[in-house]
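Need the 3D shape of this:
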Amino acid sequence: VVIRGTNFVGVSGVSFGGTAATFTVDSSTQITATAPAHAAGEAIVRVAAGGGTTGLSDPGAAYTYVAAPAITKIVLPAGPIDGGNVVNIVGNNLAAVNMVAFGDRTVAPTTATDTTVTVTVPALLGLPQDQSVSVTLYVPLGSVAFVDAYQYLLPPVFRAVDPVVPVVGRPAGDEQVVLHGFHFFHAGEVIFGATSVTDLLVSADGRTITLRTPAHGEGKVNLTVKTPGGADHLPDGVRIRLTVYLAIELCIRPSGLERLSGTEGAAALFLGETRLLCVSPLEWSSRLKLWRAGFCAALPRP
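Residues are numbered from 1 along each chain as shown. This is a model prediction of the structure:
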């Protein structure tokens, strides 16, 4: 700290808020001192010499200690590689922040209070890829960095739904499905038509999302996956039908399946003395020995 004044002759001490500082007298009008540690706030600088001690009444006698900024968290710590999204950086002593850097890109904050800095994220520099960058806050007297605190994300790529595409589900929902694709990191929402699901399990490699279907009216619905990196859609990804499922492993021959004349898309399967009347959808796989049917009613064997 450079202290300027007059009659700096025979200087015996320099203090900041009562705490002694090391110093060098450069001339009768200038002293260079090293500010000692001190609590945040204003401190009076005093120079003691043979002719007396400077103090509060002297112009420029106050020196202000500013607390270093500290980052607690970043709200929405991920976003698209093109930037443009707004994030809030939460912490302490942030009111003096005048610049924010995301990796090598620096932008001015929109607002800065003691606890929150709001900033629009710049676009990622370099090749488009999923990439974590440090966030650095700059104040007039220094900076503080939050290492790998923000992640740039490519938009998701939605490929398929397990177990089959298109999936057929019940209007009541609550059936587990697995969505397949790429870049599902930080996925926060999957939308069935207009119904949102937020209870998601995303795999560590970002390639699958496991969830339970919501209740929905009958018919085809589009599926949308939303992540901080963007959104992708699977048109007509799920078909909701007013059906129940029967899936029984049976060692029977296809000839055991009796089609009912006059009933479109219907068939009967005998299990002992019970006849199951089944209407579309109707599938038979001799390889898996798996019967899958739609709405089924148990009738007595004729």
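
Kindly confirm my reading that residue 191 is in a helix.
No. Per DSSP: H, G, I helix; E, B strand; the rest coil, residue 191 lies outside any helix segment and is strand.

show me where pLDDT drops low in the chain?
Residue ranges of the chain with pLDDT under 70: 55-60, 162-168, 235-302.

now with 80?
Within the chain, the segments meeting pLDDT under 80 span 50-61, 66, 126-127, 141, 159-172, 217-220, 234-302.

show me where it has helices.
Remark: no helices are assigned in the chain by DSSP state H.

Not counting its own residues, what contacts stretch 105-115?
Residues outside stretch 105-115 that contact it (Cβ atoms under 8 Å, 6 or more residues apart in numbering): 86, 90-101, 117-125, 138. For glycine as for every other residue, the C-beta is placed from the backbone atoms N, C-alpha and C.

ok, and the closest non-adjacent residue to residue 234?
Excluding its sequence neighbours, the residue lying closest to residue 234 (Cβ to Cβ, 6 or more residues apart in numbering) is residue 223, at 4.3 Å.

mind listing what that neighbour touches?
Counting by Cβ under 8 Å, 6+ apart, residue 223 makes contact with 158, 161, 179, 190, 191, 192, 233, 234, 237, 238.

would a markdown table of those residues with neighbour count and distance to residue 24 be doable?
Shown next, in a markdown table, are the contacts of residue 223 (neighbours: other Cβ atoms under 10 Å; distance: Cβ to Cβ, whole Å):
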| residue | neighbour count | distance to residue 24 |
| --- | --- | --- |
| 158 | 22 | 68 |
| 161 | 20 | 74 |
| 179 | 25 | 69 |
| 190 | 24 | 67 |
| 191 | 18 | 68 |
| 192 | 22 | 73 |
| 233 | 12 | 69 |
| 234 | 21 | 72 |
| 237 | 23 | 75 |
| 238 | 22 | 77 |
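
for those, which one is nearest residue 1?
residue 190 (57.8 Å; Cβ to Cβ).

returning to that earlier point: can you flag the buried ones in the contacts of stretch 105-115?
91, 93-97, 100-101, 117, 119, 121-122, 124, 138 (16 or more other Cβ atoms under 10 Å).

Pick the one among these closest to residue 204.
Proximity of the buried ones among the contacts of stretch 105-115 to residue 204 (Cβ to Cβ) peaks at residue 124, which lies at 22.3 Å.

Would you agree residue 30 is in contact with residue 3?
Yes. Assessed by Cβ atoms under 8 Å, residue 30 is found in contact with residue 3 at 7.0 Å.

quick one, which of the two is more surrounded?
Using other Cβ atoms under 10 Å, the more surrounded residue of residue 30 and residue 3 is residue 3, with 23 against 14.

what residues are up against the more buried one?
Residue 3 neighbours (Cβ under 8 Å, 6+ apart): 14, 23, 30, 31, 32, 33, 45, 47.

For the fourth one, which non-adjacent residue is spatially closest?
By the measure of Cβ to Cβ, 6+ apart, the closest residue to residue 31 outside its immediate chain neighbours is residue 3, 4.4 Å from it.

Could you export the buried ones among the contacts of stretch 105-115 as CSV, including distance to residue 154?
CSV is the format used below for the buried ones among the contacts of stretch 105-115 (distance: Cβ to Cβ, whole Å):
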residue, distance to residue 154
91, 29
93, 35
94, 30
95, 35
96, 35
97, 29
100, 23
101, 22
117, 26
119, 22
121, 15
122, 17
124, 10
138, 29
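
mind listing which of these are in strands?
Counting by DSSP state E, the buried ones among the contacts of stretch 105-115 place 91, 100, 101, 117, 119, 138 in strands.

which one of the residues you listed sits closest to residue 82?
residue 119 (15.6 Å).

related to what we said a few turns ago, TSV for the ones in strands among the buried ones among the contacts of stretch 105-115, including distance to residue 185?
Converted to TSV, those look like this (distance: Cβ to Cβ, whole Å):
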residue	distance to residue 185
91	24
100	23
101	23
117	24
119	22
138	28
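
close enough to count as contact, residue 10 and residue 49?
Yes. Here residue 10 lies in contact with residue 49, judged by Cβ under 8 Å, at a distance of 5.0 Å.

Settle it for me: which of the two has more neighbours?
residue 49 (17 against 10).

pretty sure that one is touching residue 7, no?
Yes. Contact status for residue 49 versus residue 7: in contact at 7.1 Å, counting by Cβ under 8 Å.

ok, back up a step: now, which of the contacts of residue 223 sits nearest residue 144?
Taking Cβ to Cβ as the measure, residue 144 lies nearest residue 190 of the contacts of residue 223, at 36.8 Å.
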